[in-house]
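[1] got a sequence here, can you build the structure:
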Amino acid sequence: MNRAEQIAALIREEMAGLPVVSWPLDAGLPLAVVGFGADEVIAAVDALVSTRVTMGERVRNFEAAWAGYCGRQHGVMVNSGSSANLVLLAALVETGQLQPGDEVLVPAVTWSTSLFPIAQCGLRPVMVDVSPHSLCIDPASARAARSERTRAVLAVHLLGQAAELDAFADLLVLEDACGAHGAVYHGRPVGSFGAGSAFSFFFSHHITTIEGGIVVTDDAHLADTMRSIRAHGWVRERQDRAEWAAASPEIDPRFLFVSAGYNLRPTEVQGAFGLHQLRRLPAWVAQRRANHAAWCAAFADIPGVTVFPEVEGTEHAGFAFPLLVDGERAAVMAELEAAGVETRPISGSNLVRQPAFPRVAGASAPVPLPVSDRVHEKGFFFGNSHAFRPEHGQRAAEIVRRWSHSCTP
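    So this is what the prediction gives:
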């Protein structure tokens, strides 16, 4: 056995039982469990030992694999899902598909970095309500909020539920699929519809690269622009770099800058992780989806509780399990937490009510947001995972049922 094999054997011994694939029923419900194991760590060590640790062959291979999984031509990996939204929007402005001052419709219930990059790129976020059936963007609210400056919609596939996309055929559609790996909309994977689609690979998501994100697209020029924007604005990773170099022969092409860029590059460790994680995803999403369906059934008859079954024509990816309660939200969350069921608000809840919102340049909320307000006041979620089973959600339902009965006069 050579040294590399010895190291791999030690890692496998140390990480026996990982990734977690079966969570004990009496151990509560954490928001996430460890979803990687020895294969990922050995691949990461191999990347480190190679000494090529930043954005090389492993990243390129993962970009191609993830793009293929989504049915796309191009993938551009970055250091987070938040950065994925940022480079996508910045590239759309740079390529002229959006102009500074254009309005982008965005659901009020989403994560903060679905909203902030819109304004950071000189665009105007227009907040609209979410559907009471899906918690994704409500087409009727979006129609009411449109103006002559509305050019795009950021469709957030919230917590694994695919958003309605057919209602926005006349707009530039962008997908925020950061929490919806493996979700399906009318027979096609989310991420395959918009001009560009962003995903996150944070530790607690369906699969992880520790930190990390990616944008997938079929637009070669947009992909090249994102490759520049993620890495200083230079041409080094662009597929059209030879043309840029020929146009500026007086500049060394190794330091030729053509975009106003950032440094949002991923590492080879992240690429190595992703290649192994992707192989696990289909079975894991199938389990999450089965959990979601069973849990919706378990909660369905509890008075004063609203859950969100999979919308017809979609396949839910089961990122987390959201619900709304008519009673005191803090009280039921406390009951669940005391029993080991971790809870969180539903994303940023109504972002219009966050203290940061008045500081978001150009942002507006021109229409009522009654569902978003209810989510803000009455909504929360607990975790879903490939390691959980229907019985885990049924335990949580029993706790909520007891709480609900205790609130009934």
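
[2] which residues touch the closest residue to Pro309 other than its chain neighbours?
    Leaving aside its chain neighbours, Pro309 sits nearest to Cys296 (4.5 Å; criterion: Cβ to Cβ, 6 or more residues apart in numbering). Where you see a C-beta, it was placed from the backbone N, CA and C, and this is true even at glycine. Taking Cβ atoms under 8 Å, 6 or more residues apart in numbering, we find Cys296 in contact with Val307, Phe308, Pro309, Glu310.

[3] I'd like the next helix or strand past the helix or strand harbouring Cys296.
    Using DSSP states H and E, the element containing Cys296 is helix 268-299. Counting by DSSP H and E, the element after helix 268-299 in chain order, helix or strand, is strand 305-307.

[4] whatever helix or strand comes next after that following strand: partners in the sheet, and parallel or antiparallel?
    Using DSSP H and E, the next helix or strand after strand 305-307 towards the C-terminus is strand 314-315. Here strand 314-315 is paired, per DSSP bridges, with strand 184-185 (antiparallel).

[5] residues contacting the partner strand, please?
    Residues from elsewhere that reach strand 184-185, judged by Cβ under 8 Å, 6+ apart: Ala162, Ala163, Leu165, Val190, Phe193, Gly313, Thr314, Glu315.

[6] highest neighbour count among those residues?
    The residue in the contacts of strand 184-185 with the most neighbours, by other Cβ atoms under 10 Å, is Ala163 (32 neighbours).

[7] so that residue makes contact with His157?
    Yes: assessed by Cβ atoms under 8 Å, Ala163 is found in contact with His157 at 5.2 Å.

[8] so what's in contact with the two at the same time?
    Residues touching both Ala163 and His157 (Cβ under 8 Å, 6+ apart): Cys136, Glu175.

[9] coming back round to it: farthest pair within the contacts of Cys296?
    The span of those, defined through Cβ to Cβ, is set by Val307 and Glu310 at 10.7 Å.

[10] give me the mean pLDDT for stretch 284-302.
    For stretch 284-302, the mean pLDDT works out to 98.

[11] and for stretch 51-58?
    Averaged across stretch 51-58, the pLDDT comes to 96.

[12] next one: it to chain centre, how far?
    Computed by Cα atoms, centre = their mean, to the nearest Å, the chain-centroid distance of stretch 51-58 equals 24 Å.

[13] so which bits of that stretch are buried?
    The neighbour-count check on stretch 51-58 (16 or more other Cβ atoms under 10 Å) flags Met55, Arg58 as buried.

[14] same check on stretch 334-343?
    Per 16+ other Cβ under 10 Å, stretch 334-343 contains these buried residues: Glu335, Leu336, Val341, Thr343.

[15] do stretch 22-36 as well
    Residues of stretch 22-36 classed as buried by neighbour count (16+ other Cβ under 10 Å): Trp23, Gly28, Leu29, Pro30, Ala32, Val33, Gly35, Phe36.

[16] export that stretch as PDB, just CAs?
    This file holds the C-alpha atoms of stretch 22-36, laid out as PDB (Å, rounded to 0.1, in the frame of the first residue of the first chain):
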ATOM      1  CA  SER A  22     -30.200   7.300   8.300                       C
ATOM      2  CA  TRP A  23     -31.000   9.600  11.200                       C
ATOM      3  CA  PRO A  24     -32.300   8.100  14.500                       C
ATOM      4  CA  LEU A  25     -35.900   8.800  15.100                       C
ATOM      5  CA  ASP A  26     -35.300   9.700  18.700                       C
ATOM      6  CA  ALA A  27     -32.500  12.200  17.900                       C
ATOM      7  CA  GLY A  28     -34.800  15.100  17.000                       C
ATOM      8  CA  LEU A  29     -34.800  16.900  13.700                       C
ATOM      9  CA  PRO A  30     -31.700  19.000  12.900                       C
ATOM     10  CA  LEU A  31     -31.800  21.500  10.000                       C
ATOM     11  CA  ALA A  32     -29.200  19.500   8.200                       C
ATOM     12  CA  VAL A  33     -27.000  16.400   8.600                       C
ATOM     13  CA  VAL A  34     -23.500  15.700   7.400                       C
ATOM     14  CA  GLY A  35     -24.000  15.000   3.700                       C
ATOM     15  CA  PHE A  36     -20.400  14.200   2.700                       C
END
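
[17] what pLDDT, on average, does that stretch get?
    Averaged across stretch 22-36, pLDDT comes to 97.
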